[in-house]
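K.L.:
here is my input, please return the structure:
(2 chains)
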Amino acid sequence: MENSQSIISIKNLKMSYGSKTVLNGINLEISRGQIIGYIGTNGAGKSTTIKIMLGIIEGYVGKVEILGQDISNGSVEYKKRIGYVPELADIYENLTAYEYISFLGGIYGLEEKKLIERVKKLMDLFGMEDVINSRISSFSKGMRQKLLIICSLIHNPDILFFDEPLSGLDANSVMVFKEVMKTLARQGKTIFYSSHIMDVVEKVSDRILLINDGQVVADGSFEELKNNQKEGTLEEIFNQLTGFNEHEEVAKEFVSLVCEV
Amino acid sequence: MKNFIVLKILDKFRSLYEKLGVNYKTMRIILQIKLTMDGRRVSSILVNSKKTDETKDKNNYLNLLMFNLFISIFIGLIINSNMPSMKSTNIVIGINLFMMISLMISDFSSVLLDVAEKNILLPKPIDSVTFNAAKTTHICIYLIGLSLSLNLIPLVIGTVKYGALFFVIFFIENILAVLIVITLTSLLYTLVLKFFDGEKLKDIINYFQILLAFVFAFGYQLVARVFNATNMNSDYIPKFWHALLPSMWFAAPFGIYIDGNKQSFLIFLLVLAIVGPITLMTLYIKKVVPYFEKNLQKLNENGGVVSKGSENRREFVARLVCKDKIEKSMFKFTQNMIATERNLKLKVYPTLAMAVFMPVLFIFMDSSSDISISAKIQTGFGGKIHLLMYISIFLLCFCTAFINNSDSYKGAYIYKVLPIENPGVILKGAVKGTLLKLVIPLYILEAIVFLIFKGPSIIIDLIVMFLVLLILSLVYFKLLNKAMPFSVKFATADSGKLIGPSLITSVLLGVFVGIHIIIRNNMIYVAVYGVLLLIANVILWKTSFRANWKDIEM
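P.N.:
I've put the predicted structure just below:
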């Protein structure tokens, strides 16, 4: 495995939908074994960045290299070594969990019997006993999310893209999952973690990237950001960097409008 | 997971796929998943897991096959007739191409233009060639089944009549025809996707469908006209434009082999029958596939603000047709949903287009003499040519078919959350919304055209026809829709569920038309008929929506 510093390298990435510019020159170098907290306001372009890296969105300008491969070269080789938990639980929900997993296993070229055994154990650990043969459509939101997390890991990928992975998980599972992330990172996996829950990002990330208006406006560990901005929590740093300081006024007006019925 | 027989047949073509650069193993897995899912149906999150739902979708496809087999009997008669085999096969294949194109546009466009599954499949190591091969093959499997079922009886009769070679040629041609249909449609879609962006693209796609339906309806007319100049048994006279008709390519081998026609033009057509599909396929694989997915992404882009029609006018119409407040807001909601629901439009718009073109087609078909078109409209069909609008009505009254389907079917929980006492009001609002959005404007447009040509004497006829349209639309809706509007997910081969209700509605329409034709020359009878229809309408519309929450399939 390449020990070169950069496992993900993005150079001057730009993307626009029609006339609307979403990404305006993103530059990134990410090395192995890091957990990257990727944060930004709604519509700042977080999911777009991730989807470009996954090859879902094409038509960008700039250069994106993952595991040393320029992803625009058409080869899907790098996708064998990445995992993805989507923000919205996109999944073939009229399949059973078993069918979906064996489908993925077939695509990744994994041996089915071993895979299912492993997945069953993984599901048990997540508190999902005896549901592997149920339709995914009958799953609760948390169960779906757990299944998606398991699905993103079955092929033991080197890079993980988690887009709001905790949504719907109960507090116990959140604790398990956070620990799993830390352990995976220690083993050399790179985790790209996008979320709006600031205190989780603050705790798990080795490095935090804040994007605003399609550009990286802050990049560094939480400690570094704190020293630069002289603010106490990531939430406050986020407010400051995105130029937002009137939450009380906004809330007041919001409530007064609600009461106007 | 089930191991499908189709896939085992497909395995025979493995090396062909691999030669095209497809990762066959991956494609097979994707297909297996898709076929498994097609056999199931998620109707809405509110479903209390009913067992009956599981087999429903399969049955829809089976229904379509059975229906095609039934039609196939009549097509078989064409082969069995005394015409030269080149003429009969030309007509049969022409019909087949026409049916397949219609199905492709209305039922399978959504499969071709699906953007949702990209989010699931593309992060996995699946290259775009394999991804597209899976998609195309998926459609192929359905269309080939439909094509063969439609041509089964002609195939049997032809084989008995002309021998085993007929079987081989005809069978292969059926498959080639499907390939032509798929490649041609995706080729055309690719062009549209390439030249347009965002919101505009979403509108254009639907206009494009209308255009396609139009072109093919008239193209099919050409097929019938190839032999028009000659009479039943005379020889075929080649014309150069015949080379543009795929059905002529496919008819040529029979002309040579059965009719013993040795004209060099037929050899040319025969060569086209082989070269044409191959060229199209190559073009498709080399030129279309690499760009299709990239451009398809454009359908996902949110182009910002949706342009709004005049709010005042809509409010006025809504107030005019709906008394109840809930009904009124459902009315407006339905119109907004129809305007933005791409899959619904994909299914309904081609029918709408056909509804407008069909009467025109019939006017042209009446080509007995060289009189001008306006004269034809004046005097054709015994001066009652406007009754051809019943053909439009026949198609228009089916437009409520898919309003219980939606891509955002999960939003249907609102019906349960909102304080709605009487679900009938919701259905009523939805039907009215659909009729005023899709059906009535077209009817009025057509009525005006006929009025201009024929003068005010036909007004009573037009009103009677309108009343028939209202009754039938309602009857069809009642027969078909037991779920709340926009609450059921679209499924592949959805049209199968329509056959039963469509047949009943068609029979009813036949009765109404029959009465109208019998009394057509006596204005007073027609007027009385109109009054009776009006009363029937009032009663039906008053009584049809007394639904209870228990009657609603959720």
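
K.L.:
please make it C-alpha for all contacts and neighbour counts, starting now.
P.N.:
Will do.

K.L.:
distance of B:I504 from chain A?
P.N.:
As judged by C-alpha to the nearest C-alpha, to the nearest Å, B:I504 and chain A stand 32 Å apart.

K.L.:
same thing with B:G411?
P.N.:
Here B:G411 is placed at a distance of 15 Å from chain A (C-alpha to the nearest C-alpha).

K.L.:
thought that residue was touching B:S487?
P.N.:
Yes - the pair B:G411 / B:S487 is scored as a contact, 7.3 Å apart, by C-alpha atoms under 8 Å.

K.L.:
neighbour count: these two, which is higher?
P.N.:
B:S487 (25 against 13; other C-alpha atoms under 10 Å in any protein chain shown).

K.L.:
check what pLDDT the more buried one gets.
P.N.:
Note on B:S487: pLDDT of 83.

K.L.:
ok, it touching B:Y415?
P.N.:
No - shown here, B:S487 and B:Y415 do not form a contact pair, counting by C-alpha under 8 Å, at 9.4 Å.

K.L.:
neighbours of A:Y92, how many?
P.N.:
18.

K.L.:
name the element it belongs to?
P.N.:
A:Y92 is part of no helix or strand when elements are defined by DSSP states H and E.

K.L.:
quick one: residues contacting it.
P.N.:
Counting by C-alpha atoms under 8 Å, 6 or more residues apart in numbering or on different chains, A:Y92 touches A:Y100, A:I136.

K.L.:
confidence score at it?
P.N.:
83.

K.L.:
what's the spacing between stretch A:116-123 and its chain's center?
P.N.:
On the basis of C-alpha atoms, centre = their mean, to the nearest Å, stretch A:116-123 sits 23 Å off its chain's mean C-alpha point.

K.L.:
can you pull the buried residues of it?
P.N.:
The neighbour-count check on stretch A:116-123 (16 or more other C-alpha atoms under 10 Å in any protein chain shown) flags A:I116, A:V119, A:K120, A:L122, A:M123 as buried.

K.L.:
for the residues you listed, which one is nearest chain B?
P.N.:
Distance to chain B across those (C-alpha to the nearest C-alpha) is lowest for A:I116, with 13.6 Å.

K.L.:
got a list of what that closest one touches?
P.N.:
So A:I116 contacts A:Y98, A:I101, A:S102 (C-alpha under 8 Å, 6+ apart).

K.L.:
let me have those in JSON lines, adding neighbour count as columns.
P.N.:
Output for the contacts of A:I116, formatted as JSON lines (neighbours: other C-alpha atoms under 10 Å in any protein chain shown):
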{"residue": "A:Y98", "neighbour count": "19"}
{"residue": "A:I101", "neighbour count": "22"}
{"residue": "A:S102", "neighbour count": "23"}
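
K.L.:
give me the subset of the residues you listed lying in helices.
P.N.:
When the contacts of A:I116 are checked against helices (DSSP state H), the matches are A:Y98, A:I101, A:S102.

K.L.:
quick check, nearest of these to A:V200?
P.N.:
Closest approach to A:V200 among those (C-alpha to C-alpha): A:I101, at 28.7 Å.

K.L.:
now do the same for the closest one: its pLDDT.
P.N.:
90.

K.L.:
thought it was touching A:C151?
P.N.:
Yes - contact criterion C-alpha under 8 Å: A:I101 and A:C151 qualify, at 6.8 Å.

K.L.:
how near is the residue lying closest to B:L387 once chain neighbours are set aside to chain A?
P.N.:
Using C-alpha to C-alpha, 6 or more residues apart in numbering or on different chains and skipping the chain neighbours, the partner closest in space to B:L387 is B:D461 (7.8 Å). Distance, B:D461 to chain A, by C-alpha to the nearest C-alpha: 50 Å.
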